[in-house]
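Participant: build the 3D model from these lines:
(chains A and B)
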Amino acid sequence: MYKILGADQREYGPVTADQLRQWITEGRANSQTMVQGPDSTEWKPLSSFVEFAGVMPAAAATAPGAPTSYAGMGGAQPSVPNYLWQSIVVTACCCLPFGIAAIVFAAQVNSKLAAGDVQGAMESSKKAKMWCWIAFGLGLVSNLGFVALSFASQAFER
Amino acid sequence: MKARRHHLIYAAVIAGLCLAVFLLYFFPPAETRFYPRCIFHAVTGLECPGCGSLRAAHSVLHGDFAMAFRLNPLLFVLLPLAGLTWVFYRPAGLSAVPAKWIWTLLGVIIAFGVLRNLPLTPFSYFNP
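Facilitator: Residues are numbered from 1 along each chain as shown, chains lettered A, B, ... in the order given. Below you'll find the model as predicted:
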């Protein structure tokens, strides 16, 4: 069984050699694709696996560094998370301004994905996630502050 | 292994929801200290688009939908919308929602946040 690392840095597999051969012929993996062979935890480029040399298209070898196309990944295509519902929840419950920043980046993920810009979508996805956590953290810290204050004021009243 | 983790997460979410319903039914958020507060409201004194959600949930649990709508009408738009989105985008995921819809949603949220703070008759009704 083999695992491959997509252009999105996610693992696909484990798949059989036959399945991987099919991916190569369909252009989903090329000679630069990092592959983990059977009984190995080491990632090596697909070109170093002799068992696939026969099916490797010549075109792939002449285009070094070509990103692995995973637009054709079909059912296996992972969607870049946009953290939309998390953004809306933190906007309403935790911290309005940073939540809105998160929604803006969530919208950017979708527009970039729709335009085929997977790399850009992943960057926006990271920012959406970051602002969600910042808004959530601020909400959490300020609420712990409120609790502490209310305990303190109760203690003074007595 | 992964499926087991999912089950645990579902169980925790359901337990959390039950606890939330129990607390919201018996303890009115307007008069109880332990609920989370809105820092936006605490800092600015303004109502944020999400303000009133807990009080609205308390009202709904007691059957007072009219009061819940006054406290936060946005919930009556967002929750059905969330349900519809879940039905139509469940296989594709939220990243497949057209971006213009997200921009529209953001516009609606911000517009509601601004309008409900205006001291004008139809809007101040939603700032009880």
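Participant: all helices of chain A, in order?
Facilitator: Secondary structure of chain A (DSSP state H): helices at A:17-25, A:58-62, A:84-93, A:96-114, A:118-157.
Participant: lowest average pLDDT across the ones you listed?
Facilitator: Comparing mean pLDDT over the helices of chain A, the weakest stretch is helix A:58-62, at a mean of 46.
Participant: helices or strands up against the helix or strand hosting B:Leu84?
Facilitator: Here B:Leu84 sits within helix B:73-89, counting by DSSP states H and E. The contact analysis (3 or more CB pairs under 8 Å, 6 or more residues apart in numbering or on different chains; DSSP states H and E) places helix B:73-89 against helix B:65-71, helix B:99-115. Where you see a C-beta, it was placed from the backbone N, CA and C, and this is true even at glycine.
Participant: now the ones you listed as a markdown table including mean neighbour count, distance to A:Phe146 and mean pLDDT?
Facilitator: Shown next, in a markdown table, are those (neighbours: other CB atoms under 10 Å in any protein chain shown; distance: least, CB to CB, whole Å; pLDDT from 0 to 100):
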| stretch | mean neighbour count | distance to A:Phe146 | mean pLDDT |
| --- | --- | --- | --- |
| helix B:65-71 | 17 | 20 | 92 |
| helix B:99-115 | 16 | 21 | 92 |
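Participant: so what's B:Thr85 closest to, chain neighbours aside?
Facilitator: B:Val97 (6.8 Å; CB to CB, 6 or more residues apart in numbering or on different chains).
Participant: just give the number of residues close to the one you found.
Facilitator: Neighbour count of B:Val97, defined by other CB atoms under 10 Å in any protein chain shown: 21.
Participant: can you give the domain ranges for chain A?
Facilitator: A:2-76, A:84-157 (automatic domain parsing).
Participant: so which of those domains comes closest to chain B?
Facilitator: Ranking the domains of chain A by proximity to chain B (CB to the nearest CB) places domain A:84-157 first, at 2.7 Å.
Participant: just how off-centre is that closest one within its chain?
Facilitator: Offset of domain A:84-157 from its chain centre (CA atoms, centre = their mean, to the nearest Å): 18 Å.
Participant: hang on, the earlier thing: and of the helices and strands packed on helix B:73-89, who's closest to A:Cys94?
Facilitator: Minimum separation from A:Cys94 across the helices and strands packed on helix B:73-89 (CB to CB) falls at helix B:99-115, 14.0 Å.
Participant: the closest one packs against which elements?
Facilitator: Using 3+ CB pairs under 8 Å, 6+ apart, helix B:99-115 sits against helix A:84-93, helix A:96-114, helix B:73-89.
Participant: ok, now with 7 Å
Facilitator: Applying 3 or more CB pairs under 7 Å, 6 or more residues apart in numbering or on different chains; DSSP states H and E, we find helix B:99-115 packed against helix A:96-114.
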